[in-house]
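*Asks:* Sequence first, then the predicted structure, then my questions.
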Amino acid sequence: MQPRPLPGAQDWRDPKVSDRDDTPRPDDDFTSEPPELGLPLGEWDRYSTQSLDRAAKAHLARFTCGVTPFGLSAKIVNWWLHLAGSPGKQLQLSEKAARKAIRLAVHAAQTAGSVDDAPCIRPLPHDRRFADPGWARWPYNLIYQNFLLTQQWWYNATNDVDGLSPREEAVVSFVARQLLDTVSPSNFVATNPELARVTRERGGTNLARGLQHFLEDWQRSVSGKPPPGAEDYRPGRHVAVTEGQVVFRTHLLELIGLPGFETRSVATLSGGEQQRVAVARALARQPKALLLDEPFSAVDSERREELLEYVLRVQRELRIPTIFVTHSRADAFAISDRIAVMRNGVIDNVGVPSDLYRNPGSAYTARTLGSIYFLDTAQSRCVRPEDIRISSPAGSNHAERLDEESSETREPPCTPVDTTIPGRVRRSIFRGALNEYRVETQFGDIPVLAPKSFDVDERVHIVVPTQSVVTVHQIGGNGLKLRE
(Lines give C-alpha, C1' and ligand atoms only; values in the text may rest on other atoms or scores of the structure.)
Protein backbone atom coordinates (compact mmCIF):
# COMPACT_ATOMS: atom_id res chain seq x y z
CA MET A 1 0.00 0.00 0.00
CA GLN A 2 1.43 3.33 -1.03
CA PRO A 3 1.36 6.11 1.51
CA ARG A 4 -0.97 8.93 0.60
CA PRO A 5 0.73 12.32 0.25
CA LEU A 6 -0.35 15.17 2.44
CA PRO A 7 -2.87 17.65 0.95
CA GLY A 8 -1.17 20.29 -1.16
CA ALA A 9 2.11 18.28 -1.38
CA GLN A 10 3.67 16.89 -4.53
CA ASP A 11 4.36 13.23 -5.11
CA TRP A 12 8.19 13.04 -5.40
CA ARG A 13 7.93 9.65 -7.12
CA ASP A 14 6.24 11.26 -10.12
CA PRO A 15 8.55 10.73 -13.12
CA LYS A 16 7.45 14.04 -14.52
CA VAL A 17 9.28 15.75 -11.73
CA SER A 18 12.96 16.11 -12.54
CA ASP A 19 15.59 15.46 -9.92
CA ARG A 20 17.10 18.77 -10.89
CA ASP A 21 13.79 20.62 -10.46
CA ASP A 22 14.37 23.71 -8.32
CA THR A 23 10.66 24.08 -7.39
CA PRO A 24 10.41 24.85 -3.66
CA ARG A 25 9.20 21.88 -1.68
CA PRO A 26 6.84 22.18 1.32
CA ASP A 27 9.46 20.77 3.67
CA ASP A 28 12.10 23.25 2.54
CA ASP A 29 11.55 25.77 5.32
CA PHE A 30 14.48 27.90 4.20
CA THR A 31 12.65 28.65 0.91
CA SER A 32 9.24 29.42 2.51
CA GLU A 33 8.16 33.01 2.85
CA PRO A 34 7.49 34.12 6.44
CA PRO A 35 3.78 34.48 7.36
CA GLU A 36 4.36 38.18 8.13
CA LEU A 37 4.42 38.82 4.35
CA GLY A 38 0.83 37.64 4.08
CA LEU A 39 1.56 34.36 2.26
CA PRO A 40 -0.72 31.55 3.59
CA LEU A 41 0.79 28.44 5.08
CA GLY A 42 0.18 25.10 3.47
CA GLU A 43 -2.92 23.08 4.30
CA TRP A 44 -0.84 20.43 5.98
CA ASP A 45 0.78 22.95 8.35
CA ARG A 46 -2.46 24.69 9.30
CA TYR A 47 -4.16 21.37 10.02
CA SER A 48 -1.42 19.98 12.21
CA THR A 49 -0.66 23.07 14.32
CA GLN A 50 -4.28 24.08 14.89
CA SER A 51 -5.21 20.55 15.89
CA LEU A 52 -2.43 20.58 18.45
CA ASP A 53 -3.60 23.93 19.86
CA ARG A 54 -7.21 22.81 20.04
CA ALA A 55 -6.33 19.55 21.75
CA ALA A 56 -4.18 21.34 24.33
CA LYS A 57 -6.89 23.91 25.09
CA ALA A 58 -9.60 21.25 25.26
CA HIS A 59 -7.65 19.37 27.92
CA LEU A 60 -6.97 22.63 29.76
CA ALA A 61 -10.68 23.51 29.72
CA ARG A 62 -11.46 20.33 31.65
CA PHE A 63 -9.42 21.66 34.58
CA THR A 64 -10.67 25.27 34.35
CA CYS A 65 -14.38 24.41 33.83
CA GLY A 66 -14.39 26.06 30.43
CA VAL A 67 -12.97 29.41 31.61
CA THR A 68 -9.98 30.56 29.60
CA PRO A 69 -7.08 31.34 31.95
CA PHE A 70 -5.39 33.48 29.31
CA GLY A 71 -8.20 36.02 28.97
CA LEU A 72 -8.77 36.07 32.73
CA SER A 73 -5.06 36.56 33.41
CA ALA A 74 -4.94 39.38 30.87
CA LYS A 75 -7.76 41.24 32.65
CA ILE A 76 -6.13 40.76 36.06
CA VAL A 77 -2.74 41.96 34.79
CA ASN A 78 -4.42 44.91 33.10
CA TRP A 79 -6.12 45.84 36.40
CA TRP A 80 -2.85 45.51 38.31
CA LEU A 81 -0.96 47.72 35.83
CA HIS A 82 -3.61 50.44 35.92
CA LEU A 83 -3.71 50.29 39.71
CA ALA A 84 0.09 50.49 39.85
CA GLY A 85 -0.06 53.63 37.71
CA SER A 86 -2.68 55.33 39.91
CA PRO A 87 -0.95 56.73 43.04
CA GLY A 88 -4.14 58.52 44.09
CA LYS A 89 -6.10 55.28 44.13
CA GLN A 90 -3.28 53.60 46.08
CA LEU A 91 -3.36 56.36 48.68
CA GLN A 92 -7.13 56.03 48.98
CA LEU A 93 -6.89 52.26 49.50
CA SER A 94 -4.15 52.72 52.13
CA GLU A 95 -6.35 55.16 54.06
CA LYS A 96 -9.31 52.79 53.85
CA ALA A 97 -7.22 49.87 55.12
CA ALA A 98 -5.94 51.92 58.08
CA ARG A 99 -9.45 53.15 58.99
CA LYS A 100 -10.90 49.64 58.81
CA ALA A 101 -8.09 48.24 61.00
CA ILE A 102 -8.62 50.94 63.62
CA ARG A 103 -12.37 50.47 63.44
CA LEU A 104 -12.08 46.72 64.07
CA ALA A 105 -9.53 47.20 66.89
CA VAL A 106 -11.74 49.72 68.72
CA HIS A 107 -14.76 47.47 68.32
CA ALA A 108 -12.80 44.47 69.63
CA ALA A 109 -11.81 46.42 72.75
CA GLN A 110 -15.41 47.54 73.39
CA THR A 111 -16.96 44.08 73.03
CA ALA A 112 -14.30 41.97 74.72
CA GLY A 113 -15.91 39.14 76.69
CA SER A 114 -19.51 40.13 75.87
CA VAL A 115 -22.11 39.35 73.24
CA ASP A 116 -21.70 41.53 70.15
CA ASP A 117 -25.17 42.96 69.53
CA ALA A 118 -23.97 45.95 67.45
CA PRO A 119 -21.24 44.82 65.01
CA CYS A 120 -19.06 47.39 63.30
CA ILE A 121 -20.12 46.02 59.90
CA ARG A 122 -23.14 43.96 58.96
CA PRO A 123 -23.48 41.51 56.06
CA LEU A 124 -25.74 42.31 53.12
CA PRO A 125 -29.44 41.37 53.54
CA HIS A 126 -29.15 38.37 51.22
CA ASP A 127 -25.98 37.06 52.94
CA ARG A 128 -27.21 34.52 55.53
CA ARG A 129 -23.85 32.91 56.29
CA PHE A 130 -23.43 34.76 59.59
CA ALA A 131 -27.05 34.75 60.82
CA ASP A 132 -26.52 32.14 63.55
CA PRO A 133 -26.42 33.61 67.11
CA GLY A 134 -23.04 31.99 67.66
CA TRP A 135 -21.40 34.56 65.39
CA ALA A 136 -22.13 37.26 67.99
CA ARG A 137 -19.74 35.67 70.53
CA TRP A 138 -16.02 36.19 70.84
CA PRO A 139 -13.84 35.39 68.88
CA TYR A 140 -16.20 34.52 66.04
CA ASN A 141 -17.59 38.06 65.92
CA LEU A 142 -14.14 39.49 65.18
CA ILE A 143 -13.38 36.76 62.64
CA TYR A 144 -16.41 37.33 60.44
CA GLN A 145 -16.32 41.14 60.75
CA ASN A 146 -12.66 41.12 59.72
CA PHE A 147 -13.67 39.04 56.70
CA LEU A 148 -16.46 41.47 55.74
CA LEU A 149 -14.15 44.48 56.10
CA THR A 150 -11.55 42.75 53.93
CA GLN A 151 -14.21 41.91 51.35
CA GLN A 152 -15.34 45.53 51.32
CA TRP A 153 -11.74 46.73 50.85
CA TRP A 154 -11.22 44.43 47.87
CA TYR A 155 -14.42 45.70 46.30
CA ASN A 156 -13.02 49.25 46.53
CA ALA A 157 -9.69 48.04 45.11
CA THR A 158 -11.24 46.43 42.03
CA ASN A 159 -13.68 49.24 41.18
CA ASP A 160 -13.27 52.85 40.07
CA VAL A 161 -9.73 52.24 38.77
CA ASP A 162 -8.75 54.85 36.20
CA GLY A 163 -8.32 53.37 32.72
CA LEU A 164 -10.36 50.20 33.22
CA SER A 165 -13.58 49.62 31.35
CA PRO A 166 -16.74 48.75 33.33
CA ARG A 167 -16.63 45.25 31.83
CA GLU A 168 -13.06 44.64 33.04
CA GLU A 169 -13.87 46.02 36.49
CA ALA A 170 -16.88 43.71 36.75
CA VAL A 171 -14.79 40.66 35.79
CA VAL A 172 -11.93 41.43 38.21
CA SER A 173 -14.33 42.32 41.03
CA PHE A 174 -16.27 39.10 40.50
CA VAL A 175 -13.12 36.96 40.51
CA ALA A 176 -11.85 38.66 43.67
CA ARG A 177 -15.19 38.08 45.39
CA GLN A 178 -15.21 34.39 44.45
CA LEU A 179 -11.65 33.89 45.66
CA LEU A 180 -12.48 35.58 48.95
CA ASP A 181 -15.55 33.39 49.40
CA THR A 182 -13.35 30.30 49.22
CA VAL A 183 -11.61 31.41 52.45
CA SER A 184 -14.77 32.60 54.19
CA PRO A 185 -14.81 31.70 57.92
CA SER A 186 -18.12 29.94 57.37
CA ASN A 187 -16.31 27.27 55.32
CA PHE A 188 -14.15 25.87 58.12
CA VAL A 189 -14.99 24.01 61.31
CA ALA A 190 -12.52 25.98 63.43
CA THR A 191 -13.97 29.38 62.44
CA ASN A 192 -17.67 28.52 62.12
CA PRO A 193 -19.50 28.34 65.50
CA GLU A 194 -22.59 26.75 64.01
CA LEU A 195 -20.59 24.01 62.29
CA ALA A 196 -18.47 23.44 65.40
CA ARG A 197 -21.58 23.08 67.55
CA VAL A 198 -23.21 20.57 65.17
CA THR A 199 -19.96 18.59 64.96
CA ARG A 200 -19.82 18.32 68.76
CA GLU A 201 -23.47 17.33 69.01
CA ARG A 202 -23.18 14.60 66.36
CA GLY A 203 -19.78 13.37 67.37
CA GLY A 204 -18.20 14.11 64.00
CA THR A 205 -20.60 11.92 61.99
CA ASN A 206 -21.56 14.92 59.84
CA LEU A 207 -17.92 15.24 58.71
CA ALA A 208 -17.77 11.54 57.88
CA ARG A 209 -20.96 11.82 55.86
CA GLY A 210 -19.59 14.86 54.03
CA LEU A 211 -16.42 12.95 53.17
CA GLN A 212 -18.55 10.11 51.86
CA HIS A 213 -20.47 12.49 49.60
CA PHE A 214 -17.20 13.99 48.37
CA LEU A 215 -15.77 10.60 47.44
CA GLU A 216 -19.01 9.64 45.70
CA ASP A 217 -19.03 12.87 43.68
CA TRP A 218 -15.35 12.41 42.80
CA GLN A 219 -15.96 8.83 41.67
CA ARG A 220 -18.90 9.86 39.50
CA SER A 221 -16.92 12.71 37.98
CA VAL A 222 -13.95 10.47 37.11
CA SER A 223 -16.13 7.73 35.65
CA GLY A 224 -18.27 10.19 33.68
CA LYS A 225 -21.49 9.36 35.54
CA PRO A 226 -24.16 12.02 36.16
CA PRO A 227 -24.68 13.52 39.65
CA PRO A 228 -26.90 11.62 42.12
CA GLY A 229 -30.59 12.11 41.37
CA ALA A 230 -30.01 13.04 37.72
CA GLU A 231 -31.80 9.86 36.66
CA ASP A 232 -35.07 11.52 37.71
CA TYR A 233 -34.59 14.24 35.08
CA ARG A 234 -33.95 12.33 31.87
CA PRO A 235 -34.08 14.60 28.78
CA GLY A 236 -37.00 13.81 26.54
CA ARG A 237 -38.86 11.92 29.27
CA HIS A 238 -38.86 14.06 32.43
CA VAL A 239 -37.34 17.27 31.05
CA ALA A 240 -38.34 18.88 27.75
CA VAL A 241 -35.52 19.41 25.25
CA THR A 242 -35.37 20.99 21.81
CA GLU A 243 -32.38 20.18 19.65
CA GLY A 244 -30.91 22.78 17.33
CA GLN A 245 -32.74 25.86 18.59
CA VAL A 246 -33.04 28.06 21.64
CA VAL A 247 -36.25 27.61 23.61
CA PHE A 248 -37.73 31.02 24.48
CA ARG A 249 -39.95 31.12 27.53
CA THR A 250 -41.32 34.08 29.44
CA HIS A 251 -43.19 34.10 32.71
CA LEU A 252 -45.50 36.88 31.51
CA LEU A 253 -46.86 34.90 28.56
CA GLU A 254 -47.55 31.95 30.85
CA LEU A 255 -49.12 34.27 33.41
CA ILE A 256 -51.62 35.71 30.91
CA GLY A 257 -52.33 32.30 29.41
CA LEU A 258 -50.52 32.70 26.05
CA PRO A 259 -47.55 30.29 26.16
CA GLY A 260 -46.13 29.62 22.69
CA PHE A 261 -47.41 32.94 21.29
CA GLU A 262 -44.01 34.69 21.39
CA THR A 263 -43.52 34.27 17.61
CA ARG A 264 -47.07 35.19 16.61
CA SER A 265 -47.84 38.43 14.83
CA VAL A 266 -50.20 40.86 16.58
CA ALA A 267 -52.41 40.88 13.48
CA THR A 268 -53.15 37.16 13.95
CA LEU A 269 -54.37 37.57 17.54
CA SER A 270 -57.99 37.89 18.57
CA GLY A 271 -59.31 40.90 20.44
CA GLY A 272 -59.07 39.17 23.82
CA GLU A 273 -55.54 37.96 23.10
CA GLN A 274 -54.47 41.45 22.07
CA GLN A 275 -55.83 42.83 25.34
CA ARG A 276 -53.85 40.23 27.28
CA VAL A 277 -50.69 41.10 25.33
CA ALA A 278 -51.26 44.76 26.21
CA VAL A 279 -51.43 43.83 29.89
CA ALA A 280 -48.21 41.78 29.54
CA ARG A 281 -46.42 44.74 27.93
CA ALA A 282 -47.41 46.93 30.84
CA LEU A 283 -46.18 44.31 33.32
CA ALA A 284 -42.83 43.88 31.52
CA ARG A 285 -41.65 47.20 32.98
CA GLN A 286 -42.28 45.87 36.50
CA PRO A 287 -44.43 48.89 37.47
CA LYS A 288 -45.14 49.90 41.05
CA ALA A 289 -48.80 50.41 40.12
CA LEU A 290 -50.96 49.39 37.14
CA LEU A 291 -53.68 51.55 35.56
CA LEU A 292 -56.27 49.75 33.41
CA ASP A 293 -58.55 52.25 31.63
CA GLU A 294 -61.59 50.45 30.15
CA PRO A 295 -59.49 47.43 29.04
CA PHE A 296 -62.52 45.29 28.18
CA SER A 297 -64.66 47.84 26.36
CA ALA A 298 -64.19 46.23 22.92
CA VAL A 299 -64.34 42.60 24.08
CA ASP A 300 -67.35 40.29 23.94
CA SER A 301 -68.86 38.87 27.10
CA GLU A 302 -67.14 35.47 26.83
CA ARG A 303 -63.68 37.00 26.38
CA ARG A 304 -64.49 39.51 29.13
CA GLU A 305 -64.85 36.68 31.65
CA GLU A 306 -61.47 35.21 30.59
CA LEU A 307 -59.72 38.58 30.81
CA LEU A 308 -61.19 39.25 34.24
CA GLU A 309 -59.81 35.92 35.40
CA TYR A 310 -56.34 36.75 34.05
CA VAL A 311 -56.30 40.20 35.64
CA LEU A 312 -57.28 38.69 38.99
CA ARG A 313 -54.49 36.13 38.56
CA VAL A 314 -51.97 38.88 37.86
CA GLN A 315 -53.08 40.74 40.99
CA ARG A 316 -52.75 37.65 43.17
CA GLU A 317 -49.33 36.53 41.87
CA LEU A 318 -47.55 39.85 41.31
CA ARG A 319 -49.27 41.83 44.11
CA ILE A 320 -49.29 45.02 42.03
CA PRO A 321 -51.70 47.76 43.17
CA THR A 322 -54.16 48.15 40.29
CA ILE A 323 -56.54 51.00 39.44
CA PHE A 324 -59.34 49.66 37.23
CA VAL A 325 -61.41 52.33 35.43
CA THR A 326 -64.71 51.02 34.08
CA HIS A 327 -68.34 51.91 33.45
CA SER A 328 -69.41 48.29 34.03
CA ARG A 329 -70.48 47.69 37.60
CA ALA A 330 -70.28 43.93 36.98
CA ASP A 331 -66.55 44.25 36.17
CA ALA A 332 -66.05 46.52 39.17
CA PHE A 333 -67.71 44.05 41.53
CA ALA A 334 -65.73 41.11 40.09
CA ILE A 335 -62.24 42.60 40.26
CA SER A 336 -62.18 45.25 42.98
CA ASP A 337 -61.23 45.16 46.62
CA ARG A 338 -62.51 48.73 47.02
CA ILE A 339 -64.71 50.83 44.73
CA ALA A 340 -64.61 54.60 44.26
CA VAL A 341 -67.71 56.05 42.56
CA MET A 342 -66.88 59.18 40.51
CA ARG A 343 -69.30 62.01 39.78
CA ASN A 344 -68.15 65.00 37.69
CA GLY A 345 -64.52 64.57 38.77
CA VAL A 346 -65.43 64.13 42.44
CA ILE A 347 -65.29 60.89 44.43
CA ASP A 348 -68.88 60.46 45.57
CA ASN A 349 -68.21 57.41 47.77
CA VAL A 350 -65.51 54.81 48.52
CA GLY A 351 -65.91 51.41 50.12
CA VAL A 352 -65.81 47.65 49.93
CA PRO A 353 -68.10 46.50 47.05
CA SER A 354 -70.57 44.54 49.22
CA ASP A 355 -70.82 47.28 51.86
CA LEU A 356 -71.13 50.04 49.28
CA TYR A 357 -73.88 48.15 47.46
CA ARG A 358 -75.96 47.68 50.61
CA ASN A 359 -75.19 51.08 52.14
CA PRO A 360 -74.48 53.43 49.22
CA GLY A 361 -74.63 56.63 51.30
CA SER A 362 -75.90 58.77 48.42
CA ALA A 363 -78.64 58.51 45.81
CA TYR A 364 -76.10 58.81 42.97
CA THR A 365 -73.98 55.91 44.28
CA ALA A 366 -77.12 53.83 44.80
CA ARG A 367 -78.19 54.32 41.16
CA THR A 368 -74.65 53.76 39.83
CA LEU A 369 -74.16 50.42 41.55
CA GLY A 370 -77.46 48.86 40.49
CA SER A 371 -81.20 49.14 40.09
CA ILE A 372 -82.84 51.05 42.90
CA TYR A 373 -86.35 52.09 43.93
CA PHE A 374 -86.93 55.23 45.98
CA LEU A 375 -89.81 55.10 48.43
CA ASP A 376 -90.40 58.89 48.50
CA THR A 377 -90.10 61.84 46.16
CA ALA A 378 -87.21 63.30 48.17
CA GLN A 379 -85.18 60.19 47.32
CA SER A 380 -84.03 59.82 50.91
CA ARG A 381 -85.08 56.17 51.36
CA CYS A 382 -84.54 53.39 48.87
CA VAL A 383 -84.61 49.62 48.44
CA ARG A 384 -83.04 47.20 45.99
CA PRO A 385 -85.52 45.42 43.63
CA GLU A 386 -84.25 41.96 44.66
CA ASP A 387 -85.19 42.73 48.28
CA ILE A 388 -88.85 43.39 47.45
CA ARG A 389 -91.04 40.32 48.02
CA ILE A 390 -93.62 39.39 45.37
CA SER A 391 -96.34 36.74 45.53
CA SER A 392 -99.70 35.77 44.09
CA PRO A 393 -102.82 36.78 46.03
CA ALA A 394 -104.00 34.04 48.37
CA GLY A 395 -106.97 32.01 47.13
CA SER A 396 -107.20 33.22 43.54
CA ASN A 397 -105.46 35.08 40.81
CA HIS A 398 -107.57 38.15 41.31
CA ALA A 399 -106.95 40.78 43.95
CA GLU A 400 -108.67 43.95 44.86
CA ARG A 401 -108.89 46.49 42.05
CA LEU A 402 -106.25 49.12 41.72
CA ASP A 403 -107.03 52.70 42.47
CA GLU A 404 -106.67 54.01 38.92
CA GLU A 405 -106.98 57.60 39.98
CA SER A 406 -104.18 57.40 42.54
CA SER A 407 -101.93 55.58 40.07
CA GLU A 408 -102.28 58.45 37.63
CA THR A 409 -101.54 61.19 40.11
CA ARG A 410 -98.50 63.30 39.36
CA GLU A 411 -96.86 62.80 42.76
CA PRO A 412 -97.73 59.39 44.29
CA PRO A 413 -97.54 59.21 48.07
CA CYS A 414 -94.71 57.50 49.91
CA THR A 415 -94.64 53.75 49.44
CA PRO A 416 -95.54 52.04 52.72
CA VAL A 417 -93.20 49.55 54.36
CA ASP A 418 -94.13 46.08 55.60
CA THR A 419 -97.57 46.51 54.00
CA THR A 420 -99.12 44.30 51.35
CA ILE A 421 -99.48 46.38 48.19
CA PRO A 422 -101.69 45.05 45.41
CA GLY A 423 -100.45 45.45 41.86
CA ARG A 424 -100.44 44.22 38.30
CA VAL A 425 -97.43 42.93 36.34
CA ARG A 426 -97.00 45.46 33.57
CA ARG A 427 -93.72 44.11 32.12
CA SER A 428 -91.71 40.91 32.53
CA ILE A 429 -88.10 40.42 31.36
CA PHE A 430 -86.29 37.09 31.64
CA ARG A 431 -82.77 37.61 33.09
CA GLY A 432 -81.68 34.01 33.61
CA ALA A 433 -81.76 33.07 37.29
CA LEU A 434 -84.00 36.06 38.08
CA ASN A 435 -86.95 37.66 36.34
CA GLU A 436 -87.31 41.43 36.21
CA TYR A 437 -90.81 42.79 36.71
CA ARG A 438 -92.43 46.19 36.56
CA VAL A 439 -95.41 46.09 38.89
CA GLU A 440 -98.02 48.79 38.49
CA THR A 441 -99.39 49.95 41.84
CA GLN A 442 -101.24 52.92 43.23
CA PHE A 443 -97.82 54.27 44.31
CA GLY A 444 -96.37 54.06 40.82
CA ASP A 445 -94.35 51.39 38.99
CA ILE A 446 -92.21 49.35 41.36
CA PRO A 447 -89.27 47.26 39.99
CA VAL A 448 -88.96 43.73 41.37
CA LEU A 449 -86.35 40.99 40.82
CA ALA A 450 -87.52 37.50 41.76
CA PRO A 451 -86.95 33.89 40.69
CA LYS A 452 -90.70 33.22 40.51
CA SER A 453 -92.50 33.40 37.19
CA PHE A 454 -95.47 35.74 36.72
CA ASP A 455 -97.35 36.59 33.54
CA VAL A 456 -98.01 40.06 32.20
CA ASP A 457 -101.29 41.53 33.56
CA GLU A 458 -101.25 39.00 36.39
CA ARG A 459 -102.39 40.35 39.76
CA VAL A 460 -99.74 40.15 42.49
CA HIS A 461 -98.94 41.33 45.99
CA ILE A 462 -95.64 42.98 46.87
CA VAL A 463 -94.12 43.82 50.25
CA VAL A 464 -91.18 46.15 51.02
CA PRO A 465 -89.35 44.77 54.12
CA THR A 466 -88.26 47.33 56.68
CA GLN A 467 -84.82 45.76 57.16
CA SER A 468 -84.03 46.28 53.45
CA VAL A 469 -84.75 50.03 53.40
CA VAL A 470 -81.66 52.25 53.29
CA THR A 471 -81.48 55.98 54.00
CA VAL A 472 -79.36 57.95 51.52
CA HIS A 473 -78.40 61.59 50.86
CA GLN A 474 -78.21 63.57 47.68
CA ILE A 475 -74.49 64.29 48.17
CA GLY A 476 -71.88 61.58 48.67
CA GLY A 477 -69.97 61.06 51.85
CA ASN A 478 -66.44 61.70 50.49
CA GLY A 479 -66.49 64.66 48.14
CA LEU A 480 -62.82 64.23 47.16
CA LYS A 481 -62.05 66.17 43.98
CA LEU A 482 -59.44 64.83 41.61
CA ARG A 483 -56.50 67.06 40.73
CA GLU A 484 -56.87 68.42 37.22
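*Replies:* That came through fine. Numbers count the residues shown, from 1 in each chain.

*Asks:* Every contact and neighbour count from this point should use C-alpha atoms.
*Replies:* Fine.

*Asks:* just the strands in the stretch 251-400 of the chain please.
*Replies:* Ranges of strands in the stretch 251-400 of the chain, per DSSP state E, counting those that start in this stretch, are 290-293, 322-325, 339-343, 346-351, 373-374, 381-383, 389-391.

*Asks:* tell me what the longest one is packed against?
*Replies:* Under the contact definition 3 or more Cα pairs under 8 Å, 6 or more residues apart in numbering; DSSP states H and E, strand 346-351 sits against strand 339-343, helix 363-368, strand 480-481.

*Asks:* about what we covered before: mind giving me CSV with the strands of the stretch 251-400 of the chain and columns for mean pLDDT?
*Replies:* Output for those, formatted as CSV (pLDDT from 0 to 100):
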stretch, mean pLDDT
strand 290-293, 82
strand 322-325, 86
strand 339-343, 89
strand 346-351, 88
strand 373-374, 84
strand 381-383, 86
strand 389-391, 88
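
*Asks:* Specify the stretch among those strands that is closest to E95.
*Replies:* strand 290-293 (48.1 Å; Cα to Cα).

*Asks:* what residues does the closest one touch?
*Replies:* Identification of contacts with strand 290-293 by Cα atoms under 8 Å, 6 or more residues apart in numbering yields 282-283, 320-326.

*Asks:* the helices in the stretch 251-400 of the chain, which residues?
*Replies:* For the stretch 251-400 of the chain, helices defined by DSSP state H, counting those that start in this stretch occupy the ranges 251-255, 271-284, 301-318, 329-335, 353-358, 363-368.

*Asks:* So for stretch 440-453, what gets flagged as buried?
*Replies:* For stretch 440-453, a neighbour-count test (16 or more other Cα atoms under 10 Å) marks 440-450 as buried.

*Asks:* ok, now which ones touch the nearest residue to T441 once chain neighbours are set aside?
*Replies:* Closest residue to T441 apart from its sequence neighbours, by Cα to Cα, 6 or more residues apart in numbering: G423 at 4.6 Å. Listed by Cα under 8 Å, 6+ apart, the contact set of G423 reads 402, 439-442, 459-462.

*Asks:* before we move on, what SS does G423 have?
*Replies:* Under DSSP: H, G, I helix; E, B strand; the rest coil, G423 falls in the strand class.

*Asks:* Backbone dihedrals for N159, both of them.
*Replies:* phi -130, psi 160 (degrees, to the nearest 10).

*Asks:* so what's the backbone phi/psi at the residue lying closest to it once chain neighbours are set aside?
*Replies:* Spatial nearest neighbour of N159, chain neighbours left out: E169 (5.7 Å); criterion: Cα to Cα, 6+ apart. Main-chain torsions, E169, degrees, to the nearest 10: phi -60, psi -40.

*Asks:* separation between E169 and S371?
*Replies:* Using Cα to Cα, to the nearest Å, one gets 68 Å for the distance from E169 to S371.

*Asks:* out of these two, which sits in the busier spot?
*Replies:* Neighbour totals were compared for E169 and S371, and E169 leads with 21 against 14 (other Cα atoms under 10 Å).

*Asks:* Next up, the contacts around that one.
*Replies:* By Cα under 8 Å, 6+ apart, the contact list for E169 reads 79, 158-161.

*Asks:* Between the residues you listed, which sits nearest F214?
*Replies:* Nearest to F214 among these is T158, at 33.6 Å by Cα to Cα.

*Asks:* can you tell me how far the closest residue to that closest one other than its chain neighbours sits from W154?
*Replies:* In space, and not counting its chain neighbours, T158 is closest to S173: 5.2 Å by Cα to Cα, 6+ apart. S173 sits 8 Å away from W154, going by Cα to Cα.

*Asks:* now L269
*Replies:* 53 Å.

*Asks:* who has more neighbours, the two?
*Replies:* Remark: of L269 and W154, W154 carries more neighbours, 17 against 13, as counted by other Cα under 10 Å.

*Asks:* I'm done for today, thanks for sticking with me.
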